[in-house]
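Trainee: Kindly return the folded structure for what I paste below:
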Amino acid sequence: MLAVYDQALPEVYGFVVRRCTDRRTAEDVTSETFLAAMDSVRRRRETEPTTPWLIGIARHKLADHWRRAQRTPEPVDNLPERGDDPWDTELDRMVAHHTLGQLSPVHRSVLTLRYVDDLPVGECAEILGRTVGATEALLTRAKRAFRAAYPETQPQPSGRGGHA
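Mentor: The predicted model follows:
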């Protein structure tokens, strides 16, 4: 069964991942597929596992998954955040850090104090030696400069259906 697993895993996982909204679900369904196949092989010794047979099991496991998902709708409060993927979060951090480096020192300072250090505008003003009004105006200009320097990105599909 291990040789069949090594040979069939890419095809079975590929079949499942193309039909799922996220990798975790695809991995779970793929695992359930191979567990069900192992149980079937143990019960019926004459069953010889093949990739098409495993894909058939995967199709049934996907149907089971979608039926369960329809019975237990996910509350809106528990939807995963866009930045769930650690790589996406790290890339966003790196791009933001690089973009901050392109700004003037005063813009970089006010944005760092306000949004990285999470200080209130009053404390930012005190540290920078400015009035609160001047600091708010500086923040507005700094945010505008940051947006202008931030690299353009293509909108990513949400993976939840509908239009991007």
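Trainee: ranges for the strands of this protein?
Mentor: In the chain, no segments count as strands under DSSP state E.
Trainee: Just the helices from this structure, written as ranges.
Mentor: For the chain, helices defined by DSSP state H occupy the ranges 2-17, 23-43, 51-71, 86-102, 105-111, 121-128, 132-149.
Trainee: Quick one: low-confidence residue ranges for the protein.
Mentor: 1, 46-47, 70, 72-84, 153-164 (pLDDT under 70).
Trainee: okay, now the domains of it?
Mentor: Following automatic domain parsing, one finds the domains of the chain at 2-72, 85-149.
Trainee: how about a markdown table for these, with mean neighbour count added?
Mentor: Quick note: C-beta positions are derived from backbone N, CA and C, even for glycine. Shown next, in a markdown table, are the domains of the chain (neighbours: other CB atoms under 10 Å):
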| stretch | mean neighbour count |
| --- | --- |
| domain 2-72 | 14 |
| domain 85-149 | 14 |
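Trainee: Might you report the residue contacts of Val121?
Mentor: Residues in contact with Val121 (CB atoms under 8 Å, 6 or more residues apart in numbering) are 114, 132, 135-136, 139.
Trainee: now it: how far from Leu35?
Mentor: Look at Val121 and Leu35: by CB to CB, to the nearest Å, they are 56 Å apart.
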